[in-house]
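In: Structure here, sequence nowhere to be found:
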């Protein structure tokens, strides 16, 4: 019973992060990519896609990550290469004074997102052999 309650409270950051990512992505798609439109349809389609991927077998998800990681790195370098001509040092300088009230909501959002990463990281290698992971697992010094 207690482990079920702990698991329920541990899933709250995961659910919050999933809905927050779906909402932010649907707002971005509606505003920047498709010049307006029904945000609810974009939200639901991205949420359904995320649920399908999350209920795949773990090996399929890991293989998908191995395939998409190099493509993502190449894509990021291409974006950086093509946008380097528009970069300037003035964009690296802060233009506002630091204030706690302006940065606190940003860091709270990041903290919730990062806390949701610990749950899969702790459970992913629990039943794997020791040689597959270089991190310490529960009960293994």
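Out: Perfect, I can see it now. From a predicted model like this one, the values you see are computed outputs, not experimental measurements. Numbers count the residues shown, from 1 in each chain.

In: what are the ranges of the strands in the protein?
Out: Per DSSP state E, the chain carries no strands over any range.

In: count of neighbours near the closest residue to residue 16 other than its chain neighbours?
Out: Distance criterion CB to CB, 6 or more residues apart in numbering; nearest residue to residue 16, sequence neighbours excluded, is residue 112 at 5.8 Å. Yep, even glycine has a C-beta here, placed from its N, CA and C like the rest. Residue 112 has 15 neighbouring residues, counting by other CB atoms under 10 Å.

In: which ones are touching residue 112?
Out: For residue 112, the contact set (CB atoms under 8 Å, 6 or more residues apart in numbering) comprises 13, 16, 17, 20.

In: Please repeat the previous calculation with a cut-off of 10 Å.
Out: 12, 13, 14, 16, 17, 20 (CB atoms under 10 Å, 6 or more residues apart in numbering).

In: Quick one, grab the pLDDT at the fifth one.
Out: I take that to be residue 17. If you check residue 17, the pLDDT there is 77.

In: Same question for residue 119.
Out: pLDDT, residue 119: 63.

In: The chain should start at 862 in everything you say after this.
Out: Sure thing, new numbering starts at 862, so read that last one as residue 980.

In: Would you check that residue 889 makes contact with residue 903?
Out: Yes: using CB atoms under 10 Å, residue 889 is in contact with residue 903, at 8.9 Å.
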